[in-house]
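>>> Next come a sequence and a model predicted from it.
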Amino acid sequence: MQLDAKASILIAGQAPGRIVHETGIPFDDLSGARLREWMGVSERTFYDAKKIALLPMGFCYPGQGKTGDLPPEKACAAAWREQVIEQLPNIKLTLVIGIYAIKWHLAESRQRNLTETVKAWKSYSSEIIPLPHPSPRNNIWLTKNAWFEEELLPVLRSRVSDVLR
């Protein structure tokens, strides 16, 4: 978690992975490197709490499942998320990463699955962009959905740059 009331971008993630759980640094792994590349920001900018807030759906590593990490505990976000977000009055852009964050942030406005929700990014407010998780486990998804890199990433980089300016 990384929070400062001055932050203008909120990255709504899922839960810490094993490496992040060990280091205590959010997105301190290959997922973080890819996310920074998608955003077009340096590591220094990414970890500047006055610019970017990092708030997962759960604070604890949920453990390993058959195909990846287990989902964050639902009770976690329900217990504290609203109150924490209220402490971030300057957020102008929220990047909603992965299906668990999408379900919470987009609720009824989300599409029937992650791909359709991300593909419908233009239909959401200009202040919110749904994204797949940047994990290397999603390389197949990224290959199958070339539109993501061609259409959405240039807009994502532009919005991030505009908000940080």
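In hand now; what should we look at? Residues are numbered from 1 along each chain as shown.

>>> Just grab the bridge partners of the spatially most central residue of the chain for me.
Per C-alpha atoms, centre = their mean, the C-alpha nearest to the average position across the chain is that of Ile97, at 3.1 Å. Bridge pairing for Ile97 (DSSP bridges) gives the partners Leu131.

>>> Need the pLDDT of the residue of the chain positioned farthest from its centre.
Computed with C-alpha atoms, centre = their mean, the residue of the chain farthest from its C-alpha average is Lys66, at 22.6 Å. According to the prediction, Lys66 has pLDDT 80.

>>> Gly40: neighbouring residues, count only.
Gly40 has 15 neighbours, counted by other C-beta atoms under 10 Å. Bear in mind the C-beta positions are built from the backbone N, C-alpha and C, glycine included.

>>> What values do phi and psi take at the closest residue to it other than its chain neighbours?
Once flanking residues are discounted, Gly40 sits nearest to Arg157: 3.8 Å by C-beta to C-beta, 6 or more residues apart in numbering. Dihedral pair for Arg157: phi -60, psi -40, per degrees, to the nearest 10.

>>> Just to check, Arg157 is in contact with Glu37?
No. Counting by C-beta atoms under 8 Å, Arg157 does not reach Glu37; the two are 9.5 Å apart.

>>> When those two are compared, which one has more neighbours?
Arg157 (15 against 12).

>>> among the helices and strands of this structure, which has the poorest mean pLDDT?
Lowest by mean pLDDT, DSSP states H and E among the helices and strands of the chain is helix 18-23, with a mean of 73.

>>> Off-centre distance for that helix?
In terms of C-alpha atoms, centre = their mean, to the nearest Å, the centre of helix 18-23 is found 17 Å from the chain centre.

>>> can you list contacts of the next helix or strand after it?
Per DSSP states H and E, the first helix or strand lying C-terminal to helix 18-23 is helix 30-39. For helix 30-39, the external contacting residues (C-beta atoms under 8 Å, 6 or more residues apart in numbering) are 11, 17, 26-27, 42-43, 46, 95, 97, 131, 133-136, 153, 156-157, 160.

>>> Enumerate the positions of the least confident helix or strand of the chain that are buried.
Val20 (16 or more other C-beta atoms under 10 Å).

>>> just stretch 144-151 next, same as before
Going by 16+ other C-beta under 10 Å, stretch 144-151 has these buried residues: Asn145, Phe148.

>>> Keeping just the C-alphas, turn it into PDB.
Output in PDB follows, covering the C-alpha atoms of stretch 144-151 (Å, rounded to 0.1, in the frame of the first residue of the first chain):
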ATOM      1  CA  LYS A 144      -4.900 -13.000 -28.100                       C
ATOM      2  CA  ASN A 145      -6.000  -9.400 -27.500                       C
ATOM      3  CA  ALA A 146      -3.600  -7.300 -29.700                       C
ATOM      4  CA  TRP A 147      -6.100  -4.400 -29.600                       C
ATOM      5  CA  PHE A 148      -5.100  -3.800 -25.900                       C
ATOM      6  CA  GLU A 149      -1.600  -2.800 -26.800                       C
ATOM      7  CA  GLU A 150      -2.600  -1.000 -30.000                       C
ATOM      8  CA  GLU A 151      -5.700   0.900 -28.800                       C
END
